[in-house]
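Engineer: need the 3D shape of this:
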Amino acid sequence: MTDTAKLRKAITDSGLKRSEILKRSGIKAYSTLRDKVDNNREFTASEITKLCDILCLSNEQREAIFFANYGELHSA
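Structural biologist: Residues are numbered from 1 along each chain as shown. Alright, predicted model coming up:
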């Protein structure tokens, strides 16, 4: 499960426009990206790899963002 808040922050912190992220990631539509960020659809492994490169995420950030446990997201 994706940690939506952390991913949104990483996108904002990157300084990239969503259109540039879409272009570089190969995700075809903004609505698809939004659905994946909001956990309505799952990211593929290749999308995660590309987004990590695009957003310059460390391995720790990747794990925290894309492999968050449901309990961790709702325990705060």
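Engineer: where in the chain is pLDDT low?
Structural biologist: Within the chain, the segments meeting pLDDT under 70 span 70-76.
Engineer: mind redoing it with 80?
Structural biologist: Applying pLDDT under 80 to the chain flags residues 69-76.
Engineer: mind listing the helices for it?
Structural biologist: For the chain, the helices defined by DSSP state H occupy 4-14, 18-25, 30-37, 45-55, 59-66, 70-74.
Engineer: would you mark the buried spots in the fifth one?
Structural biologist: Residues of helix 59-66 classed as buried by neighbour count (16 or more other C-beta atoms under 10 Å): Gln61, Arg62, Ala64, Ile65, Phe66. Using the backbone N, CA and C atoms, a C-beta is placed for each residue, glycine as well.
Engineer: Provide a list of residues in contact with the third one.
Structural biologist: Read it as Ala64. By C-beta atoms under 8 Å, 6 or more residues apart in numbering, the residues touching Ala64 are Asp3, Lys6.
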